[in-house]
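*Asks:* how would this look folded up:
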Amino acid sequence: MKIPTNTDRLTIGECNLSDKGREAIDQWNCTVRTALELFIMINGREFTNTTFLAWLNENSTTLAIEFEKHPTKGATGGSGRPNSMKNLMSPKARSIMQTIAQNLSEGGSSASDPLVATLDSGDMKSNNTKIRRLLPSKENYLTHQNTRLLRDLELGEMLTSIERGITTQVDVTKVGRGAFNTKGSSWLNAVVRKFITSASLNSAIDPFAGQGDMLRLCEAEFHMSTSGLDIQDQLGWPINDSLVSIPKSTDSICITNPPYLANYSAKRKSMWPMVGSYYENTGRGDLYEIALDKCLEAFDYVVAIIPETFLHSNYPKDRCAIVSILEKNPFEDTTFPVCVTCWVPQTKQNPVIYVGEREVMTYSAMVGIKGDVSRSKRIVFNDPEGNIGLKAVDSSKADDRISFMQGKDFDYPRSSIKVSSRLMTYLNIPELTTEKDIRSFCERANTILESYRERSEDIILSGFKGNNKKGKRRRRLDYRLARKIILEALGESVQTTLPLE
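*Replies:* Presented below is the predicted three-dimensional model:
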């Protein structure tokens, strides 16, 4: 299935090199300007010189040979390791770097027709790691350029390596329609069972019924009459696009596992032609949020299995009474971290959060622990030359957890750091100037992190890709909370309690 496009127009961030484009880059039969235009169409509007040069090095045999001719001997980055991209000193590499810095950046010494601007981040990043962004005035121009050298990605074709041009085909039905079947019964724990019983309704409706697994379980456990809707016509239910509207039924409880797909994932997986209109028409950032909107409009009582990241989202929780985090996977074909949410007609709720059937705390208490912190110039995230390593995600091994460590001890390639890095990264704290300072900081930061994890039973952190080998949910540290922990470890007073509404 091919993305419907105008052949004279391409989409920024959703392209790949055509055969002619790959040949042009490989043999370097193009200008720096053209190469950067191609890179932006593939990578997106923001980039750094380092990532662009790495892309050139991956895709051009001619340049790779040229780059290796005259590297500066003994040159290293701030970490003490060789920084091959920064210190390439061949005439060709030097020319490319000067072209980007002077001829393409707005405000450059000879930028007669700038393509990108350098963002003023207010930090001390080197020229190669500063973020560049496509100028708004060039948006329309760029989408009509180089049409022979680029191609749109096909529906469901996900670019998994920009540098190598490697794509993977996703299952369009599963991803676009949320067709992940709820075969397991772990979602119906004692907490959810009590909620369904207390609603005192005799019928259940699933607007995203799929194969009907949740409805069959309700029939068996509660002796309810059940009915379903679905957008797919081959499943035997009345056909309905429940992301657009759901018939109102206040005499039934809604029990469902709606589709979930974030808008950025829809773009990355080339699913926008199938689902893009839902986001555009509602302003929501994920399909499950749109589904919840429609369910809450049609029903007084709703039970919905949704991503656990809901806890840390901005989606309104005023009707949500219960959130039960499921560590036991209810699906047969994905390990996506989920929770069961229970909704009531009354507003001003303060959801009680459970891990399975174990009560942990209220939503407002969790928000109070997370606190509030603004950006700080004392910290630079995603700096390849940083002095602190941050492993921001738990491993599948139970004892390999999120942690801060000395940059020199972090076994992660500095060349892999991008503007978008979120799981493994380096950060720079300039005031930590000695190894003793860095080591002491890491010890304090890890102690603070572990105290937060213990107090909140980990729910302060987002779930990440299933469980570890001991069956406990893996977790991810977002940069907002990481910033708070860092500032506390540096001795700065940070707000830790938010006023309750």
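
*Asks:* Kindly provide the distance from Leu56 to Asp26.
*Replies:* For Leu56, the distance to Asp26 (Cβ to Cβ, to the nearest Å) stands at 10 Å. C-beta coordinates here come from the backbone N, C-alpha and C atoms, glycine included.

*Asks:* Settle it for me: which of these two has more neighbours?
*Replies:* Between Leu56 and Asp26, counted using other Cβ atoms under 10 Å, Leu56 has the larger neighbour count: 24 against 15.

*Asks:* Let me see the contact set for the more buried one.
*Replies:* Contact partners of Leu56, counting by Cβ atoms under 8 Å, 6 or more residues apart in numbering, are Ile25, Ala35, Phe39, Leu63, Ile96.

*Asks:* Same list (these) but as a markdown table, adding secondary structure, pLDDT and distance to Thr50.
*Replies:* Formatted as a markdown table, these follow (DSSP: H, G, I helix; E, B strand; the rest coil; pLDDT from 0 to 100; distance: Cβ to Cβ, whole Å):
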| residue | secondary structure | pLDDT | distance to Thr50 |
| --- | --- | --- | --- |
| Ile25 | helix | 89 | 18 |
| Ala35 | helix | 90 | 15 |
| Phe39 | helix | 92 | 12 |
| Leu63 | helix | 78 | 15 |
| Ile96 | helix | 73 | 12 |
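
*Asks:* Can you tell me which of those comes closest to Arg132?
*Replies:* Comparing the contacts of Leu56 against Arg132 with Cβ to Cβ places Phe39 closest, at 10.6 Å.

*Asks:* Touching, the closest one and Glu46? I think so.
*Replies:* No. Counting by Cβ atoms under 8 Å, Phe39 sits too far from Glu46 to count as a contact (11.4 Å).

*Asks:* So which of the two has more stuff around it?
*Replies:* Taking neighbours as other Cβ under 10 Å, Phe39 and Glu46 compare with Phe39 leading, 20 against 17.

*Asks:* And that one, how far from Thr118?
*Replies:* 16 Å.

*Asks:* Cys339 looks like it's in a strand, true?
*Replies:* Yes. Using DSSP: H, G, I helix; E, B strand; the rest coil, the assignment for Cys339 is a strand.

*Asks:* Contact partners for it?
*Replies:* The contact partners of Cys339, taken as Cβ under 8 Å, 6+ apart, are Ile305, Ile306, Pro307, Glu308, Phe310, Leu311, Val323, Ser324, Ile325, Leu326.

*Asks:* in the sheet, who's paired with it?
*Replies:* Cys339 has these beta-bridge partners by DSSP bridges: Ile306, Ile325.

*Asks:* Dump the C-alpha coordinates for stretch 15-29 into PDB.
*Replies:* Provided in PDB are the C-alpha atoms of stretch 15-29 (Å, rounded to 0.1, in the frame of the first residue of the first chain):
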ATOM      1  CA  CYS A  15      11.600  10.200   3.200                       C
ATOM      2  CA  ASN A  16      14.400   7.900   2.300                       C
ATOM      3  CA  LEU A  17      17.000   8.100  -0.500                       C
ATOM      4  CA  SER A  18      15.900   6.800  -3.900                       C
ATOM      5  CA  ASP A  19      18.400   4.700  -5.900                       C
ATOM      6  CA  LYS A  20      19.600   7.800  -7.700                       C
ATOM      7  CA  GLY A  21      19.900   9.600  -4.400                       C
ATOM      8  CA  ARG A  22      21.900   6.800  -2.800                       C
ATOM      9  CA  GLU A  23      24.200   6.800  -5.800                       C
ATOM     10  CA  ALA A  24      24.600  10.600  -5.600                       C
ATOM     11  CA  ILE A  25      25.600  10.500  -2.000                       C
ATOM     12  CA  ASP A  26      27.700   7.400  -2.300                       C
ATOM     13  CA  GLN A  27      29.800   8.800  -5.100                       C
ATOM     14  CA  TRP A  28      29.500  12.400  -3.800                       C
ATOM     15  CA  ASN A  29      28.000  13.700  -7.000                       C
END
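
*Asks:* Give me the residues contacting it.
*Replies:* Outside stretch 15-29, the residues that touch it by Cβ under 8 Å, 6+ apart are 30, 34-35, 38, 41-42, 56, 59-63, 146, 148-153, 159, 165, 167.

*Asks:* I am finished for the moment; much appreciated.
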